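Enquirer: got a predicted structure here, sequence first:
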Amino acid sequence: MLDPNRPYHRTEINLLFTKVKAQMHQEALARGGDGKTLYTDCYTGETLRGGDHYDYEHIRSSKAVFMAYRDRLTNSEIAEVVNCAENVTVTLRTINQSKGKTRIEDWLSNTDNVTNHRISIALAKSAAAKADMGIEQKVKKILSRAK
């Protein structure tokens, strides 16, 4: 039986996140074609290459997803949801550190964040919408397995 009030727990999330990042890294190396990774920043659209200061980013924070689904999903299932392809992407480290666990919509409402980090509001909102869709689809898929 799931404890709907269990505290936030990252162990399974982090284990899967490590695997997802390794897979993304291999794919980015192949895209780069020259031994360097090639990514596109999910919030600015800028090209990021190996050696740039970037981070792998959960668009919707692992804590927010955990808390939203802890009443229906196990920790391992939540890890699948948090780390779905649509919710894990890459952004500059300065953006990731500035955003922290703040919802992207709240972070974007501060115009200094948008200006200082050269954020494309349309791109950021699109990334959030894709993350939400991916999360929803992953949850439905997991719940359908349980039947």
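Expert: Structure's in. What do you need? Numbering: from 1, shown residues only.
Enquirer: all contacts plus neighbour counts: C-alpha atoms, from now on.
Expert: Will do.
Enquirer: let me know whether residue 65 touches residue 78 as I believe.
Expert: Yes: in this structure, residue 65 sits in contact with residue 78. The criterion is CA atoms under 8 Å, and the distance is 7.3 Å.
Enquirer: more crowded one of the two?
Expert: A side-by-side neighbour count of residue 65 and residue 78, using other CA atoms under 10 Å, places residue 78 first with 27 against 16.
Enquirer: can you pull the contacts of that one?
Expert: By CA atoms under 8 Å, 6 or more residues apart in numbering, residue 78 lies in contact with 13, 65-66, 69-70.
Enquirer: buried ones in the strand or helix carrying it?
Expert: Following DSSP states H and E, one finds residue 78 within helix 75-82. Judged by neighbour count (16 or more other CA atoms under 10 Å), helix 75-82 contains these buried residues: 75, 77-82.
Enquirer: could you report the neighbour count for residue 84?
Expert: By other CA under 10 Å, the residues close to residue 84 number 20.
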